[in-house]
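> Sequence and predicted structure are below.
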Amino acid sequence: MSEKTLTLETPHRTAGGLVATGVSAWFGERKVLDRVDLVMEPGRVTALIGPSGCGKSTFLRILNRMHEMIPTASLAGEVALDGEDIYGPGRRLTEVRRRIGMVFQKPNPFPTMSIYDNVTSGLKLSGMRVPDKDALVEQCLRRAGLWNEVNKRLKAPGGALSGGQQQRLCIARSLAVSPEVLLMDEPCSALDPTSTRRIEETIGELAAEVTIVIVTHNMQQAQRVSDTCAFFLAEQDTPGHIVEAGPTTDVFERPADPRTADYVNGRF
Ligand code: ADP
Ligand code: MG
């Protein structure tokens, strides 16, 4: 392979790397995650897979400090964004949330707010001033793959869109505050196959600019969209942990652990 090709295939972004080290989580006395280590590289897509209840959503919430909003929740370990602990003293929550966005399983645009206002809704909260809002709205809707469908009706309420369009609107809303990382918790589970494909295309295009961490139960989707894959498992009396993580092709084609092989081949 020539050096040039290598350069092209290497992500050009170096910012937005997220590193979790020894992350454990509890709800009350119950431990649900045990010492999770995971490197989520800039410009790449990391898929989190594993059976329900193994702590994927909890882990995702820890990555942008949403876990701490749950009264019974506690955690240990470290999460670093570009080498800085997001839980470190003096780190502002609003700044962490701006830099690390989240898209949920169920599309949750503000239903009565216009498409335009949905996109710009996070700016104030993040204390961001934008010289040209119209340009920002267009750019975000384009990046989310929604512009062509809504550019003539930006004043229509977000709730008037189809489920798949609403999810892309939520992606556009997340992008408006220029996040370095986008966390996506089963973003396509509530969507039809066509909408799912559209979101996957969007993820593929965004990956060059934003570090993406996606939880998915769809093994084909994990293979289509991710570069790196982490298999989580919670066994009897064992809290959720990573069984194995690595390049997606390795995890699916040459799994090191028989439990990974069973899971990715649909055997449990
Ligand atoms: P996954 O996303 O992999 O399905 P979750 O992170 O949602 O798993 O859940 C991990 C474990 O933590 C599960 O046993 C779940 O019941 C428990 N759990 C999740 N949220 C809460 C909560 N708010 N309070 C108490 N337990 C919770
Ligand atoms: Mg979940």
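Yes, it's here. Predicted model only: the values in this text are computed from it and were never measured. Ligands and ions are numbered 1, 2, ... in the order given.
> helix/strand/coil for the residue nearest to the spatial centre of the chain?
When Cα atoms, centre = their mean is applied to the chain, the residue found nearest the centroid is L183 (1.8 Å). Classification of L183 by DSSP: H, G, I helix; E, B strand; the rest coil places it in strand.
> any idea how far it lies from P157?
26 Å (Cβ to Cβ, to the nearest Å). No exception for glycine: its C-beta is placed from N, CA and C like everyone else's.
> Equivalent analysis for V150, please.
For V150, the distance to P157 - Cβ to Cβ - is 11 Å.
> Who has more neighbours out of those two?
The neighbour count for V150 versus P157, taken as other Cβ atoms under 10 Å, is higher for V150 (22 against 16).
> what residues are up against that one?
115, 141, 156, 161, 165, 169 (Cβ atoms under 8 Å, 6 or more residues apart in numbering).
> Verify the stated contact: the fourth one with L169.
Yes: with the criterion set as Cβ atoms under 8 Å, L161 and L169 qualify as a contacting pair; they are 6.2 Å apart.
> Quickly list what's touching both of these two.
109, 115, 150.
> Pick the one among these closest to ligand 1.
P109 (22.4 Å; Cβ to the nearest ligand atom).
> quick one, strands of the stretch 1-150 of the chain?
18-27, 30-40, 45-49, 73-81, 84-85, 100-103 (DSSP state E, counting those that start in this stretch).
> ok, the closest residue to A25 other than its chain neighbours - contacts?
Spatial nearest neighbour of A25, excluding adjacent residues (Cβ to Cβ, 6 or more residues apart in numbering): L33 at 4.0 Å. Contact partners of L33, counting by Cβ under 8 Å, 6+ apart, are 23-25, 55, 58-59, 62, 75, 239-241.
> So what pairs up with L33 in the strands?
Going by DSSP bridges, L33 is paired in beta bridges with A25, G240.
> With M40 as the reference, measure out to it.
Using Cβ to Cβ, one gets 16 Å for the distance from L33 to M40.
> what residues does the stretch 51-200 of the chain put near ligand 1?
Residues of the stretch 51-200 of the chain found near ligand 1 (Cβ under 6 Å from any ligand atom) are 52-58, 70, 72.
> Which one of these is nearest to K133?
S57 (32.7 Å; Cβ to Cβ).
> which one is that closest one nearest to, not counting chain neighbours?
D185 (5.5 Å).
> Which residues are in contact with that neighbour?
56-57, 60, 102-105, 215.
> cool, and T194?
For T194, the contacting residues are G164, by Cβ under 8 Å, 6+ apart.
> Next one: E9, what pLDDT does it get?
On pLDDT, E9 comes in at 45.
> need the helices for this protein, in chain order.
Ranges of helices in the chain, per DSSP state H, are 3-9, 56-63, 93-99, 115-125, 133-143, 147-150, 163-175, 193-206, 219-225, 248-253, 258-264.
> Looking at these, spot the one closest to A234.
Comparing those by Cβ to Cβ, helix 56-63 comes nearest, at 10.0 Å.
> Which other helices and strands does that closest one contact?
strand 18-27, strand 30-40, strand 45-49, strand 73-81, strand 181-185, strand 211-215 (3 or more Cβ pairs under 8 Å, 6 or more residues apart in numbering; DSSP states H and E).
> For those strands, please prepare JSON lines with the additional fields distance to R91 and mean pLDDT.
JSON lines is the format used below for those (distance: least, Cβ to Cβ, whole Å; pLDDT from 0 to 100):
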{"stretch": "strand 18-27", "distance to R91": "14", "mean pLDDT": "97"}
{"stretch": "strand 30-40", "distance to R91": "18", "mean pLDDT": "97"}
{"stretch": "strand 45-49", "distance to R91": "22", "mean pLDDT": "98"}
{"stretch": "strand 73-81", "distance to R91": "9", "mean pLDDT": "97"}
{"stretch": "strand 181-185", "distance to R91": "15", "mean pLDDT": "98"}
{"stretch": "strand 211-215", "distance to R91": "18", "mean pLDDT": "97"}
